[in-house]
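Colleague: Predicted model and sequence below, questions to follow.
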Amino acid sequence: MSVKVITNFKEKSREMAEFTSDVKKHAFQVGMTRLLDEVGFTSVQEFMDTSNKGKPHKRKLTMRDGRLAASIVGAYKFGVGGSDASQGIKESIRKVKIGVTGVEGIIGSKVPYAEIHEHGGTIRPKNHKYLKFRIDGEWKQVKEVTMPARPYLEPAAKKAAPENAKIFREEIEELWKQANI
């Protein structure tokens, strides 16, 4: 006596292959996008002085018009004055690359002064002998200005790191539920 056992392994294998492809395309893309959002919001909320009092903060970047903050969070108005969501989107850098070895996300800003605030450095005039600017209503004229580093993205990325696994797990679990395999 014998019994023939019929399986649907072939069909399930195909479904699993499709699921794996979907995980790579969807869950990693959405997961990394969520993680970049987390880094952006953490950056602005915890590493920028958003009180708009105008006085420089010793360790935090003082937000004046919200342009840099809007570019970091990407699509949300965060400031006062002229910053709006569309400008924030135009000046935002958000990239997600999915490769054979993993997923990589890049967040940044095209705002010209973003890098000097993150890393610090010296500003010198390009076309004139002096830099001219106003502080508390008084005009200053100097040959260079040394800006202290007031990092906002790097510490936010480090602070968001524990969320990595949780965010990707949630996206994969949601995709698994939808797959109904």
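Modeller: Sure, I can see it. Numbering: from 1, shown residues only.

Colleague: Show me what the longest helix seen in the chain is packed up against.
Modeller: Identified as the longest helix of the chain according to DSSP state H is helix 28-47. Helices and strands touching helix 28-47, by 3 or more Cβ pairs under 8 Å, 6 or more residues apart in numbering; DSSP states H and E, are helix 67-73, strand 92-98, strand 103-109, helix 153-160, helix 163-179. Where you see a C-beta, it was placed from the backbone N, CA and C, and this is true even at glycine.

Colleague: Need the residues that contact the following helix or strand past the third one.
Modeller: I take that to be strand 103-109. Next helix or strand after strand 103-109 toward the C-terminus (DSSP states H and E): helix 114-119. With Cβ atoms under 8 Å, 6 or more residues apart in numbering as the test, helix 114-119 has contacts from 61, 68, 71, 108, 121, 123, 147, 149-154.

Colleague: Kindly write the ChimeraX command that selects the buried subset of those residues.
Modeller: In ChimeraX, this line selects whichever of the contacts of helix 114-119 come out buried by 16 or more other Cβ atoms under 10 Å:
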select :61,68,71,108,150,151,152,153
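
Colleague: Can you pull out the low-pLDDT segments for this structure?
Modeller: By pLDDT under 70, the weakly predicted segments of the chain are 7, 52-58, 75-89, 180-181.

Colleague: what do you get if the cut-off is 80, keeping everything else the same?
Modeller: By pLDDT under 80, the low-scoring segments of the chain are 1-9, 12-13, 15-27, 50-59, 62-65, 74-89, 100-102, 172, 175-176, 178-181.

Colleague: in terms of contact, does residue 113 touch residue 68 like I think?
Modeller: Yes: under the criterion of Cβ atoms under 8 Å, residue 113 makes contact with residue 68 at 7.1 Å.

Colleague: Mind listing residues that contact the longest helix of the chain?
Modeller: With Cβ under 8 Å, 6+ apart as the test, helix 28-47 has contacts from 50, 60-61, 63, 69, 72-74, 78, 94, 96, 98, 103-105, 107, 150-153, 155-157, 159-160, 163-164, 167-168, 170-172.
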